[in-house]
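[1] give me a model of this one.
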Amino acid sequence: MLESVKIQRRQSEIRQALSELVAKEKPTEDETRSMSEMDSEYRLNETRFRAALVSEDEERRDAGKELETRSDREWADLMGQFQVRQVVASLDHGMPLSGQTAEIVTELRNAGQQFQGIPIPFAALETRAGETIASGTPDPIQTQPLIDRLFPDSVAARMGAQMISIDHGEREWPVTTQGASVGWQTSETGSVGAAQAFQTTDKALAPDYTLGTQMKLTRKTLKQSGAALEAAVRRDMQSAMGQEMDRVVFLGAGSSGEPLGVIPGYATYGVTDTDLGGAPTWAGFRAAVVRFMLANAAGSPSSVKLMIRPEVWDLLDGTFADSGSGITEWDRLLKNIPMSNIAMTTNGLATPTGSPEECVALLTTNAGGVAPIFVGAWGAVDMIRDPFSDAASGGLRITALATMDVTVARGAQLEIVSGLVTGS
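    Residues are numbered from 1 along each chain as shown. Reported below is the predicted structural model:
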């Protein structure tokens, strides 16, 4: 117990005892002496209490930080102990689930969504500490919740997309389109202006689109060591699903089972598309940043995120702003938009086409704590066993199903720059 709390309790006891003694009209000599002693103790405790608060200030701050991140860390620790190999073994030969894996699967089943197979949380597919991916070995992530992430190194996450975990049903976000009016009183008895109705438009996420991933596990694979199978299955599923989810967020056709992505659906989402009609330059991107700032969506260039293709970087880094200065257009861009806010991708942006070849770039910003893109993921990954296709070889074929949707909250938080000429 903190010393300040002990002192507070003692002060309460002293006040209670003094109130009883003061109520007496003729206290005895011992009672009078007791009142004097308790009064001296009370004044001394006040000084001790202030000193205890000062000495415990750092301890209280540390305790506050612990409380703020405890739930996220406990959830991350629990997810870190989920074993995909238990799920595979259960699908293969019916081995019962145990430990944290069984606990998580039970929680997912009780959340309200029906699964045909065994549910696997999206967090279980994240690459864990010590596993190598294309960009190197990541640091272990312990305190971050699943929201705001699709998968490690996700381009959608780097562009500010927010992943919403939905148990079942639909979710919608009311976005204000018209609100309070402002006006000055033009005369002593005049009106300050007419009121206007508060209006919103709903941005919905619906479970209309399901992504499927299939994989085949041979008998030899199933007999390998547990840890090797765990890592291999998770990496394979994470890579396949993460790549496709990243693609449809930006390039989804809105047909043939795909949700409508940001770039093909720019008109539907109300996103501005400006045709640069020339080689990419910092001036072209600066104009888009200025439009953000004029719309009050961004306060400075450093709050803007930019997604480009490698061909655009190649041209910017090879074009000098002034002859002989040694400063390239890429250098000018980095002076205003930090490298941490720039994502290069060949998956989220289409390959340059046409004559001359042209491509597009996307700018996003987070305004007022609202993410520019919402990605809904329903429940968990539903892993289903196919016991017949590979029965002759003793193998196991499994299908993983994930239901997701994409929407844009406010079109003003995104900007497309098209017509970036990258070739002849």
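[2] what about the strands in the stretch 51-200 of the chain?
    Remark: strands assigned in the stretch 51-200 of the chain by DSSP state E, counting those that start in this stretch are 118-120, 162-166, 171-178, 199-205.
[3] just the residues contacting the shortest one, thanks.
    Applying Cβ atoms under 8 Å, 6 or more residues apart in numbering, the set of residues contacting strand 118-120 from outside is 82, 84, 87, 90-91, 97, 105, 108-109, 113, 379-383, 400. Where C-beta positions appear, they are placed from N, C-alpha and C, glycine not excepted.
[4] pull the distance from it to the chain's centre.
    22 Å (Cα atoms, centre = their mean, to the nearest Å).
[5] ok, of the strands of the stretch 51-200 of the chain, where does mean pLDDT dip lowest?
    The minimum mean pLDDT among those belongs to strand 171-178 (a mean of 61).
[6] for my notes, confirm Val381 occurs in a strand.
    Yes: membership of Val381 in a strand is supported by DSSP: H, G, I helix; E, B strand; the rest coil.
[7] show me what it is bridged to.
    Partner residues in beta bridges with Val381, using DSSP bridges, are Ile120.
[8] one step back: and which of the contacts of strand 118-120 is nearest to Leu44?
    The closest of the contacts of strand 118-120 to Leu44 turns out to be Phe82 (Cβ to Cβ; 55.7 Å).
[9] pretty sure the closest one is touching Ala102, no?
    No: judged on Cβ atoms under 8 Å, Phe82 makes no contact with Ala102 at a distance of 10.0 Å.
[10] mind listing what the closest residue to Phe82 other than its chain neighbours touches?
    Using Cβ to Cβ, 6 or more residues apart in numbering and skipping residues adjacent in sequence, the residue nearest Phe82 is Ala124, 4.4 Å away. By Cβ under 8 Å, 6+ apart, Ala124 lies in contact with 79, 82, 84, 104, 234, 381.
[11] from these, which two are the most distant?
    With distances taken as Cβ to Cβ, the most widely separated pair in the contacts of Ala124 is Ile104 and Arg234, at 14.4 Å.
[12] in stretch 310-323, what's buried?
    Neighbour-count burial for stretch 310-323 flags 311-312, 315-316 (criterion: 16 or more other Cβ atoms under 10 Å).
[13] hmm, which two among those are most spread apart?
    Taking Cβ to Cβ as the measure, those span a maximum distance of 9.8 Å, between Glu311 and Leu316.
[14] one step back: more neighbours: Phe82 and Ala102, which one.
    Using other Cβ atoms under 10 Å as the criterion, Phe82 and Ala102 rank with Phe82 on top: 22 against 15.
[15] residues contacting that one?
    Phe82 makes contact with 100-101, 104, 120-121, 123-124, according to Cβ under 8 Å, 6+ apart.
[16] do that again at 7 Å, thanks
    If you count contacts by Cβ atoms under 7 Å, 6 or more residues apart in numbering, Phe82 has them with 100-101, 104, 121, 124.
[17] cool, Pro372 as well?
    By Cβ under 7 Å, 6+ apart, the residues touching Pro372 are 160, 364-366, 408-409, 413-414.
[18] ok, which stretches of the stretch 251-400 of the chain are helices?
    Remark: helices assigned in the stretch 251-400 of the chain by DSSP state H, counting those that start in this stretch are 266-269, 282-294, 310-318, 329-336.
[19] can I get those in a markdown table with mean pLDDT and distance to Leu222?
    Listed next are those as a markdown table, based on pLDDT from 0 to 100; distance: least, Cβ to Cβ, whole Å:
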| stretch | mean pLDDT | distance to Leu222 |
| --- | --- | --- |
| helix 266-269 | 91 | 45 |
| helix 282-294 | 89 | 51 |
| helix 310-318 | 92 | 39 |
| helix 329-336 | 92 | 49 |
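[20] could those be laid out in JSON lines, adding distance to Glu230?
    Converted to JSON lines, the helices of the stretch 251-400 of the chain look like this (distance: least, Cβ to Cβ, whole Å):
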{"stretch": "helix 266-269", "distance to Glu230": "39"}
{"stretch": "helix 282-294", "distance to Glu230": "43"}
{"stretch": "helix 310-318", "distance to Glu230": "33"}
{"stretch": "helix 329-336", "distance to Glu230": "40"}
